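A.B. asks: Curious how this folds, go ahead:
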Amino acid sequence: MQAEYGQMNSIYSDRRIAITQAFDFPGVYRQQKNILKNEWEQEANLLDWENQQLKRKIQSVFIENYFLLIRQNLLKSTDSLLDNSIRLAEIRLKSGETDALELSALKSQKGILNSQIQELGNRKVALNLELTQLLNTTEQYSATAELINLPDVSLSTENWNLHPRVRQAELASKHSAFSISLEKQKRLPSFYLGYAGMSMYGVGANERFYNYGQLFQSFQVGLGIPIWGRVHSSRIAAARFIQESEVSNYQYQQKKIRWEYESLWTKQKILQDQYQLLSKLQNTSLKQESEILEQRMQKGDLTILEWNYLIQQQLNLRLEFYSVQEQQALNTVLISSYHFNSEKP
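C.D. replies: Predicted coordinates:
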């Protein structure tokens, strides 16, 4: 819009108002629409990825909390057995059947066990706080096997283009392509339409007198031709450089996602082998060792330290067994985060 006031036609001051509108070729608006749509898709993809990450994090915290409770109960039951051994050692010490070394070793073992129980308690408080923050609630949840609800996963030949990280790189490369097309369209001429209204005071060319109440109208049609094409050429060159970078990142993300997925499955197989080995140890070696020590106990030639050595060995094996189970569960959650519905746009 433009307004003018001054001596445009005579000694008297006149008034003029003009409105002009520029129009580009339809290709410019089409590419601008594509860019805006692409930016919306990128934001929607990021939101979907953040939701998936939040879900995975909540599942992981539930899993950690669940196995923490298992280890905590296991340590507490072992602590109760250790208390009985300490009381028995005190009786044996008073009767002269053993020396103070046995009692001192048991108390040291109990101190280490209590330290582990306290450490698990502190970790439990931190996990509960993290869980309430993730769920955005003050309600406390108890970790159970039902709440964990691990998905069934199998080695998949997924379309990795559906993964949000790959999808984000793909959308970024398309955004660069749209920007190049937009800059090319801007090199084309643009159209201008205008309307002007003017009032004058005085004698016109037809020798008639006019006052400010008379409005004179005019219309304008124009064609804008870009003269400085170097500006658009520089922008196109910059956009092409960005596009090449985005395409390279897109190809890299495809390979990286596949590598991460295959690495997780390799880790899952290793954990499965460890799980089977530990299960075999619990069912064979420790069972046989327990039977031998029980026979010695019946004969009366088994010391308290030997008995507690077996208890400690079984404890360590079970802790390792549950640790492998926990790693399997956490790894399963990670693997499931790479599975996407092929019908998803």
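A.B. asks: Quick one: mean pLDDT over the lengthiest helix in the chain.
C.D. replies: Longest helix in the chain, counting residues (DSSP state H): helix 26-94. The predicted model gives helix 26-94 an average pLDDT of 88.
A.B. asks: could you point out which element follows that helix?
C.D. replies: helix 100-135 (DSSP states H and E).
A.B. asks: what angle do that next one and helix 26-94 make?
C.D. replies: Between helix 100-135 and helix 26-94, the angle comes out at 160 degrees (axes from the mean of the first three to the mean of the last three C-alpha atoms, to 10 degrees).
A.B. asks: Name the helix or strand of the chain that has the lowest mean pLDDT.
C.D. replies: Least confident helix or strand, the chain: helix 145-148 with a mean of 56, by mean pLDDT, DSSP states H and E.
A.B. asks: Would you tell me what the next helix or strand after that helix is?
C.D. replies: The C-terminal neighbour of helix 145-148 among helices and strands, as given by DSSP H and E, is helix 164-185.
A.B. asks: And that following helix, what does it pack against?
C.D. replies: Where contact means 3 or more C-beta pairs under 8 Å, 6 or more residues apart in numbering; DSSP states H and E, helix 164-185 is packed against helix 26-94, helix 229-283. Just so you know, the C-beta spots here come from the backbone N, C-alpha and C atoms, and that holds for glycine as well.
A.B. asks: How far away from the center of its chain is the helix or strand just after that helix?
C.D. replies: As assigned by DSSP H and E, the chain's next helix or strand after helix 164-185 is strand 190-199. Relative to its chain's centre, strand 190-199 lies at 54 Å (C-alpha atoms, centre = their mean, to the nearest Å).
A.B. asks: same check, this time on stretch 16-26
C.D. replies: Centre-to-centre, stretch 16-26 and its host chain are 47 Å apart (C-alpha atoms, centre = their mean).
A.B. asks: again with stretch 95-106
C.D. replies: With C-alpha atoms, centre = their mean, you get 56 Å for stretch 95-106.
A.B. asks: leaving aside the residues next to it on the chain, what's closest to residue 139?
C.D. replies: Distances taken as C-beta to C-beta, 6 or more residues apart in numbering place residue 132 nearest to residue 139, at 7.6 Å, with adjacent residues excluded.
A.B. asks: Just confirm that neighbour contacts residue 140, I think it does.
C.D. replies: Yes - Residue 132 lies in contact with residue 140 (C-beta atoms under 8 Å); the separation is 7.3 Å.
A.B. asks: Who has more neighbours out of those two?
C.D. replies: The residue with more neighbours, out of residue 132 and residue 140, is residue 132; 14 against 8, by other C-beta atoms under 10 Å.
A.B. asks: Let me know the pLDDT of that one.
C.D. replies: You'll see residue 132 listed with a pLDDT of 86.
A.B. asks: again with residue 257
C.D. replies: pLDDT, residue 257: 88.
A.B. asks: Pretty sure it sits against residue 161.
C.D. replies: No - in this structure residue 257 lies outside contact range of residue 161 using C-beta under 8 Å: 9.4 Å.
A.B. asks: These two: which is more packed in?
C.D. replies: The neighbour comparison of residue 257 against residue 161 (other C-beta under 10 Å) goes to residue 257, with 20 against 14.
A.B. asks: what bits of this structure have low per-residue confidence?
C.D. replies: Applying pLDDT under 70 to the chain flags residues 98, 141-159, 204-205, 229, 285-287, 289-290, 293-302, 340-345.
A.B. asks: Which residue, other than its chain neighbours, is closest to the residue most central in space within it?
C.D. replies: What sits nearest the mean C-alpha location of the chain, by C-alpha atoms, centre = their mean, is residue 53, with 3.7 Å. Excluding its sequence neighbours, the residue lying closest to residue 53 (C-beta to C-beta, 6+ apart) is residue 337, at 8.0 Å.
A.B. asks: Chain neighbours aside, what residue packs nearest to residue 189?
C.D. replies: Counting by C-beta to C-beta, 6+ apart, residue 189 lies nearest to residue 225, which is 5.0 Å off, once chain neighbours are set aside.
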